[in-house]
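Undergrad: my questions are about this predicted structure, shown below with the sequence.
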Amino acid sequence: MNKSSKIILGILGAAAAGAVIGMLVAPNSGNDMRKRISKAASDFAEDLTKAIISGREQASDAKDTILKEARGLGHDAAARYSRVKESLT
């Protein structure tokens with residue numbers, strides 16, 4: 001998990017905690033409070049899911065880029081080896 005993903009998750013967690021604390025200290029009925037907490041938890045879960053999906057996509061893209069670069073370096077090394085071998089014979 002990269003630094004920006006950790007920051008996003010931290011912000012989401014702090015926002016959810018702040019929302020729950022705010023709801024708990026607000027003067028509302030128990031039923032209304034439970035609905036608001038349930039809504040906040042649902043919103044938080046949705047945001048967290050989106051962040052996880054985005055992180056997975058970024059990781060997959062990074063993996064693809066690294067593999068492509070590694071293959072290119074392997075081909076370059078093989079070509080250089082062949083040129084050196086031919087120049088020695």
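TA: Yep, that arrived.
Undergrad: let me know the pLDDT of the spatially most central residue of the chain.
TA: Nearest to the geometric centre of the chain sits Gly55, at 2.2 Å (CA atoms, centre = their mean). pLDDT for Gly55: 86.
Undergrad: skipping adjacent residues, who's closest to it in space?
TA: Using CB to CB, 6 or more residues apart in numbering and skipping the chain neighbours, the partner closest in space to Gly55 is Ser5 (4.8 Å). The way it works is simple: take the backbone N, C-alpha and C, and place the C-beta from them, glycine included.
Undergrad: helix or strand for Pro27, which one?
TA: Pro27 belongs to no helix or strand when elements are defined using DSSP states H and E.
Undergrad: hmm, Gly55 is touching Ile7, no?
TA: No: using CB atoms under 8 Å, Gly55 makes no contact with Ile7, being 11.9 Å away.
Undergrad: one step back: count the neighbours of the residue nearest to Gly55 for me.
TA: 15 (other CB atoms under 10 Å).
Undergrad: what average pLDDT does the host helix or strand of it get?
TA: Assessed by DSSP H and E, Ser5 sits inside helix 3-25. Averaged over helix 3-25, pLDDT sits at 79.
Undergrad: now the element after that helix, going C-ward?
TA: helix 30-88.
Undergrad: distance between that following helix and the chain's centre?
TA: Helix 30-88 sits 8 Å away from the centroid of its parent chain (CA atoms, centre = their mean, to the nearest Å).
Undergrad: so which elements touch it?
TA: helix 3-25 (3 or more CB pairs under 8 Å, 6 or more residues apart in numbering; DSSP states H and E).
Undergrad: send me the helix it packs on as CSV with only the CA atoms.
TA: Extracted in CSV, the C-alpha atoms of helix 3-25 (Å, rounded to 0.1, in the frame of the first residue of the first chain):
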residue,chain,number,x,y,z
LYS,A,3,1.7,6.5,1.0
SER,A,4,-1.3,8.2,-0.7
SER,A,5,-3.5,5.1,0.0
LYS,A,6,-2.5,5.2,3.6
ILE,A,7,-3.4,8.9,3.8
ILE,A,8,-6.7,8.3,2.2
LEU,A,9,-7.6,5.5,4.5
GLY,A,10,-6.5,7.5,7.5
ILE,A,11,-8.7,10.4,6.4
LEU,A,12,-11.7,8.1,5.8
GLY,A,13,-11.2,6.5,9.2
ALA,A,14,-10.9,9.8,11.0
ALA,A,15,-14.0,11.1,9.2
ALA,A,16,-16.0,8.1,10.2
ALA,A,17,-14.9,8.3,13.8
GLY,A,18,-15.7,12.0,13.9
ALA,A,19,-19.2,11.3,12.4
VAL,A,20,-20.0,8.6,14.9
ILE,A,21,-18.8,10.8,17.8
GLY,A,22,-20.8,13.7,16.6
MET,A,23,-23.9,11.6,16.3
LEU,A,24,-23.4,10.2,19.8
VAL,A,25,-23.2,13.6,21.4
